[in-house]
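sharing a sequence plus its predicted fold:
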Amino acid sequence: MVQGCEMVRSAPPRAPRVSYRIADPSTVLDEPGTLALFGFGAGVSRSDDARWLRVALESIETAAPLEVWQVDGPVRHGRHEGLRWSAGAGWLFAVLELDEREHGGPRGAAQAAYAQLSAFLAGRSEQHLQRIWNYLRAINDGDGDAERYKLFCEGRAAGMGRCFADGFPAATAIGHHLAEPLLQVYALACQRPGQQVENPRQVSAWRYPSQYGRTPPSFARAMALPARDALAISGTAAVVGHASAHTDNLPAQLDETLANLEALLARAGMPYGFDARSPLKAYVRRPADALPVRDFLQRRLPGVPVLVLHGDICRHELLVEIDGWRYA
Ligand code: 3EB
């Protein structure tokens, strides 16, 4: 038998566990295996720990939980030219926060963020991007191709470079309401590639016609993580084919969004429905929709952890978007 030079391949790393917890941030950061920790809105505390991110979206809960990502081994963390990162057990978390004013607007900021992330990943063993979140201010401002979301899509495509060699990651892009034009981009990458999953009810985003922007959005509908033990689900809304459905009709948009989520689970070979280990986030454009959305989800997905956040969806006619995780 020829002894090849191929490296011995161990099993792909087990998916990070994602959960919502009411806890003290420093206690969670001290737990072994904490890869990343998120607080939501202006009220949360500050920390210099590279794994801590204050997300620029307000929660509708008065005492919002933290979101915790934990892996099966020790975690190291650091900083690299404005990027913050942590790594352990085959996984990498990276976050960038850019001021658009230093990059000439949303296009330049997105391009800089994706170029920096791409360059950083290229030097890491965990270079397979699985999942990415993007939060930018006033996402629907501007008309036609000058809408800020569309400029963001152009900059993202220009900056992404090699980190998309495996195909696009699963993603979310949501508008925040801070006064400052802050672009937050954070990502989960792994030593091994995942598998993109598309939705049979929807046109793939990168094939959207040009009415949605000169540069189509670059994301996959979901990513099956390398060990096939979890599905990372992109922001999912009432989009059927490439069209927005049920303009201004919240209950109908919620029904359509759930149908899209169920179709995605089926295509990925995941068990039907969601459970207590499958945390979801619902982003609502109008604060008054937050309680109806939470009630709808409690009724239709009983026992599923849901965090409802105030955020604008990238098409002005969409009122709600849902993303999250499904564990096998
Ligand atoms: C959609 O289906 C809704 O630009 O990264 C969802 C998830 C949406 C991610 C992105 C956009 C993005 O087209 C919008």
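Sure thing, it's come through.

quick one, what contacts the closest residue to Leu318 other than its chain neighbours?
With C-beta to C-beta, 6 or more residues apart in numbering as the criterion, Leu318 has its nearest non-adjacent residue at 4.8 Å, and that residue is Ala237. To be clear about C-beta, it is placed using only N, CA and C from the backbone, and glycine gets the same treatment. Ala237 makes contact with 244, 253, 257, 260, 313, 315, 318, 320-322, according to C-beta atoms under 8 Å, 6 or more residues apart in numbering.

ditto for Tyr149
Residues in contact with Tyr149 (C-beta under 8 Å, 6+ apart) are 106, 136, 139-140, 173, 175, 213, 314.

what is the neighbour count of Phe120?
For Phe120, the count of nearby residues is 20 (other C-beta atoms under 10 Å).

nearest spatial neighbour of Pro217, skipping sequence neighbours?
Ala205 (4.3 Å).

I meant to write Arg207 there.
That would be Pro216: by C-beta to C-beta, 6+ apart, it lies 6.7 Å from Arg207.

same check, this time on Arg137
According to C-beta to C-beta, 6+ apart, the nearest residue to Arg137 is Pro181 (4.9 Å).

one more: Ala227?
Using C-beta to C-beta, 6+ apart, the nearest residue to Ala227 is Pro12, at 4.2 Å.

what sits against that neighbour?
Here Pro12 is in contact with 90, 190-192, 225-227 (criterion: C-beta under 8 Å, 6+ apart).

and stretch 291-302, what's buried?
By neighbour count on 16 or more other C-beta atoms under 10 Å, the buried set for stretch 291-302 is 292-294, 296-297, 301.

so the residue nearest to Arg207 makes contact with Trp206?
Yes. Assessed by C-beta atoms under 8 Å, Pro216 is found in contact with Trp206 at 4.9 Å.

out of these two, which sits in the busier spot?
A count of neighbours by other C-beta under 10 Å puts Pro216 above the other of Pro216 and Trp206, at 19 against 15.

now that one: how far from the ligand?
9 Å (C-beta to the nearest ligand atom, to the nearest Å).

okay, that residue: pLDDT?
pLDDT for Pro216: 93.

am I right that it is in a strand?
No. Pro216 sits outside any strand when classified using DSSP: H, G, I helix; E, B strand; the rest coil, being coil.

distance check, it against Tyr149.
Distance, Pro216 to Tyr149, using C-beta to C-beta, to the nearest Å: 12 Å.

and what of Asp255?
Counting by C-beta to C-beta - Asp255 and Tyr149 are separated by 25 Å.

ok, Ala157 next?
Separation of Ala157 from Tyr149 (C-beta to C-beta) stands at 13 Å.

next: Ala42.
Distance from Ala42 to Tyr149, by C-beta to C-beta: 23 Å.

of all residues in this protein, which one is closest to the ligand?
Of all residues in the chain, the one sitting closest to the ligand is Gly235 (3.1 Å; C-beta to the nearest ligand atom).

quick one: contacts for that residue?
171-174, 283, 313, 321-323.

can you tell me the SS state at the nearest residue to His246 once chain neighbours are set aside?
Excluding its sequence neighbours, the residue lying closest to His246 (C-beta to C-beta, 6+ apart) is Ala252, at 3.7 Å. The three-state label given to Ala252 by three-state DSSP is helix.

contacts only, for Ala252.
238, 245-246.

just the element for Gly273, please.
Using DSSP states H and E, Gly273 sits in no helix or strand.

that one touches Leu265, doesn't it?
Yes. Using C-beta under 8 Å, Gly273 is in contact with Leu265, at 7.4 Å.

would you double-check that Asp275 falls in a helix?
No. Using three-state DSSP, the assignment for Asp275 is coil, not a helix.

thinking again about what came up before, how near is the residue nearest to Arg207 to Leu319?
22 Å.

helices of the stretch 101-250 of the chain, residue ranges please.
Per DSSP state H, counting those that start in this stretch, the stretch 101-250 of the chain carries helices over the ranges 106-122, 148-160, 250-268.
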